[in-house]
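K.L.:
Dropping the sequence and predicted coords here.
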Amino acid sequence: MQRIALLAIASALALPASAGEEDLKALRAEIAQMKQAYEQRIEALEQRLTVAEAAPQKSQSPQHGAAPAQAAGGFNPEVSLILQGQYRRMKDVPERSITGYWSAGGHDHGGGERGFSLDHSELIVSANIDPYYRGMLNVALKNGEAEVEEAWFQTLGLGRGFTLKGGRFLSGIGYINEQHPHAWDFADAPLMTKALFGEHYGQDGLQLKWVAPTETFMEFGAEFGRGAAFPGTDRNQNGVGSSVLFAHVGDDVGRSHAWRAGLSWLTTRAKDREAHFEDTDAAGPNEVEGLFTGRSRTVVADFVWKWAPDGNPKQRNFKFQTELFRRTESGDLACTSAVATSPCLGSPALGDLRSRQSGGYVQGVWQFMPQWRVGYRYDWLNAGSKHYDPATVFAALDPANAYFVGYRPQRHTLMADWSQSEFSRLRLQFARDQSMQGVTDNQVTLQYIMSLGAHGAHKF
Amino acid sequence: MLRRIVLLMGLAAALPAAAALNVFACEPEWAALAKELGGDKVSTYSATHALQDPHRIEARPSLIARARGAQLVVCTGADLEAGWLPPVLRESGNAAVQPGRPGYFEAAQFVARIEIPTKLDRAEGDVHAAGNPHIQLAPRNLLAVAGALAQRLGEVDAANAGHYAERHKVFADKWRTAIARWEKEAAALRGLRVIAQHKSFSYLFHWLGLVEAGTLEPKPGIEPGSAHLAQLLAQAKAQQVRLIVRTPYDSPRPGEWLAERAGIPLVTLPFTVGGSEKAQDLFGLFDDTIAKLREQRAP
């Protein structure tokens, strides 16, 4: 309507004063025509609107039973990307290791660097393959390298409580081992995990799990794998390189409490497993490789207790988590060096080495209001006992090497994090790290964890 | 001895047939619906209760154990349980209830969903590609789901298919009568302007002609902030909002803040079965919801 009026005014203004009666008549007719056309169109639109308004009510009738395609899960794989980085302030220690423990070496998820650094970014793709299998790939991307963290298939149709997983996966040993760093409640792994596996214990192999048909959750699992990861080594063989057995029990207590307890057992072998040592060369110490060949057994007990008022964790919740381990190793020690004056030249055998070590961590994380959590973690490792022949070993290796020192590493960690949504998290963490004898390292970490894409699973 | 063994074996064989069908429902409304349709032929377990936000559940061990023993899983779908149901089902090792099997039932597939986003961007909050998943507060949705669920119960438990069909007929008749009654009772509510905490009541408002003037959450899944609440306060006054509604599991604080300043009441609607003292079954859920809304309309 308004437009017609405007048009009329505009044409009236534009009309030259000398315009003839004929022209005016023609113009009036044209405007009348346009007005009619517009009114018709408006009427048609109004009619369509009333139909559209009635439509949703109609489509809610029971006849409407067609199943629309599911957009997120359908045929497209679920893709998610985790971005993680941090600023860390800590002491400059050239070669960080845990005093008294064989260095797990292997890969580190960043965090070992001072200042600003990027943790690796994780790309996760998963989907149902067909009605019988599900597949998942988790790739960690870092400067110039992509590491396959997990790549597995899992059965969906075995039934009777059985699930078989095959490929590369994080072992079900303990509790935190199956979690990727973005799911941790602290910016770094517990000391225990670092000492046991470096970061994670990953398997290339098979995992069979069985859930018992009981109202109380009971799950039993067995894994058979290549065993290439610390504490084992790749041994180029046809057989099973490592095996893991685990059992989990869990339940709710009332509406507000839930718990899970587990016991796991790992056995594997190492051949010429390396770690840096200093030798007793009279011409000055050389860095040589200590070599361990033998069997390694680890037992882990884990327990998790969660509280949320009325089972609704949205406002407030508390999570208590602890894991304890004992590792027993027995085998032979040797050392090797290419330096002509080194006692390790020619890879001499240094006799038996048996060790038994233990430790653990306890942590509590409290969400005291929506979006905000605080947490405290205490880590400790015992020096444990080591049996070897000092005369033979110390003829080649310096007794001052951290591995031979009896020391009780420990660490206190405090953290606070803020999650504006389920998909973002900012974290500030203070740690007093005494995992190296003679060094008290007060660390400050400011971390971000951002998840893009598919909604992550809320695992227990 | 032999007779005793034969007897035992016979008993063991007869046991599963006599036992009720185990239904694992993700939300209380589906447990209630399965009970309406199955009667004593089904044994229902609800994974969540009215005080829990169905978005924010963890795949607890107890849920995995219950899913392990289920013969039928009845959930809303439409991504409502995306965070916890997939791991629960996968970890359960129960082949019969995996998505795509007859033992897996998604209610949202049988209703016309509203608020399907035109743009899928997390900048809009935790949006669901499949539309608003809180479908249970439109009674015609329940009617549609009841039909499909009765049929599915008959497929999974073929021996009792007739029983489910019969009970469905009775339920549907009763439900239709109730809908007519509720619509009459709620006629006066048409046009009432309300603010909800989350997009939890969209289907209810749509059905009864209430107008949602805003939500306490600035965006789905984002906690209410002070700036947004201040803006809502101005909006509430300008648009003559009469009521703020919340579910039993939402934090009352942001609603109370606004209610106090805007001088309008904050009402907790049952949202699902068990959400209030009177909402003990599906009929009670709607009776109480409408009664609570009418109370506020009265003055």
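P.N.:
Received the coordinates, thanks.
K.L.:
Run through the stretch 101-250 of chain A and note the low-pLDDT ranges.
P.N.:
Residue ranges of the stretch 101-250 of chain A with pLDDT under 70: A:106-111.
K.L.:
ok, which stretches of it are strands?
P.N.:
A:115-118, A:121-130, A:133-142, A:145-155, A:162-170, A:202-211, A:217-225, A:242-253 (DSSP state E, counting those that start in this stretch).
K.L.:
The nearest residue to A:Tyr403 once chain neighbours are set aside: neighbour count?
P.N.:
Counting by C-beta to C-beta, 6 or more residues apart in numbering or on different chains, A:Tyr403 lies nearest to A:Trp102, which is 6.2 Å off, once chain neighbours are set aside. Where C-beta positions appear, they are placed from N, C-alpha and C, glycine not excepted. For A:Trp102, the count of nearby residues is 24 (other C-beta atoms under 10 Å in any protein chain shown).
K.L.:
Same check on A:Ala29?
P.N.:
Counted with other C-beta under 10 Å, the neighbours of A:Ala29 add up to 10.
K.L.:
and it, that's in a helix?
P.N.:
Yes: counting by DSSP: H, G, I helix; E, B strand; the rest coil, A:Ala29 is found in a helix.
K.L.:
roughly how far apart are it and A:Asn286?
P.N.:
Noted for A:Ala29: a distance of 107 Å to A:Asn286, by C-beta to C-beta, to the nearest Å.
K.L.:
repeat for A:Phe220
P.N.:
In this view, A:Phe220 and A:Asn286 are 49 Å apart by C-beta to C-beta.
K.L.:
So which of those two has more stuff around it?
P.N.:
Applying other C-beta under 10 Å to A:Phe220 and A:Asn286 shows that A:Asn286 carries more neighbours, namely 18 against 15.
K.L.:
so the more buried one makes contact with A:Ala338?
P.N.:
No: with contact defined as C-beta atoms under 8 Å, A:Asn286 does not reach A:Ala338; the gap is 9.2 Å.
K.L.:
picking up where we left off before, B:Ala150: which of the strands of the stretch 101-250 of chain A is closest?
P.N.:
Judged by C-beta to C-beta, the one of the strands of the stretch 101-250 of chain A that comes nearest to B:Ala150 is strand A:121-130, at 27.7 Å.
K.L.:
tell me the angle of that closest one relative to strand A:145-155?
P.N.:
Relative orientation of strand A:121-130 and strand A:145-155, computed by axes from the mean of the first three to the mean of the last three C-alpha atoms, to 10 degrees: 30 degrees.
K.L.:
do strand A:121-130 and chain B meet?
P.N.:
Yes: counting by C-beta under 8 Å from any C-beta of the partner chain, contacts between strand A:121-130 and chain B involve A:Asn128.
K.L.:
Which positions within stretch A:445-460 qualify as buried?
P.N.:
Buried residues in stretch A:445-460, counted by 16 or more other C-beta atoms under 10 Å in any protein chain shown: A:Thr445, A:Gln447, A:Ile449, A:Ser451, A:Gly453, A:Ala454, A:His455, A:Gly456, A:Ala457, A:His458, A:Phe460.
K.L.:
filter those residues by proximity to chain B?
P.N.:
Answer for the buried residues of stretch A:445-460 near chain B (C-beta under 8 Å from any C-beta): A:His455, A:Gly456, A:Ala457, A:His458, A:Phe460.
K.L.:
And those residues, which is closest to B:Ala186?
P.N.:
Taking C-beta to C-beta as the measure, B:Ala186 sits nearest to A:His455 out of these, at 34.8 Å.
K.L.:
Helix, strand or coil: sort out the closest one for me.
P.N.:
Following three-state DSSP, A:His455 is assigned to coil.
K.L.:
Backbone dihedrals for it, please?
P.N.:
phi -70, psi 120 (degrees, to the nearest 10).
K.L.:
Tell me who's in contact with it.
P.N.:
A:His455 makes contact with A:Ala72, A:Glu422, B:Asp79, B:Ala82, B:Gly83, B:Asp126, according to C-beta atoms under 8 Å, 6 or more residues apart in numbering or on different chains.
K.L.:
tell me the contacts of the residue of chain B found nearest chain A?
P.N.:
Per C-beta to the nearest C-beta, B:Pro61 is where chain B lies closest to chain A, at 2.8 Å. Contact analysis of B:Pro61 by C-beta under 8 Å, 6+ apart lists A:Phe217, A:Glu219, A:His248, A:Val249, A:Gly250, A:Asp251, A:Ala258, A:Trp259, A:Arg260, A:Phe460.
K.L.:
same thing but 6 Å
P.N.:
Counting by C-beta atoms under 6 Å, 6 or more residues apart in numbering or on different chains, B:Pro61 touches A:Phe217, A:Gly250, A:Arg260.
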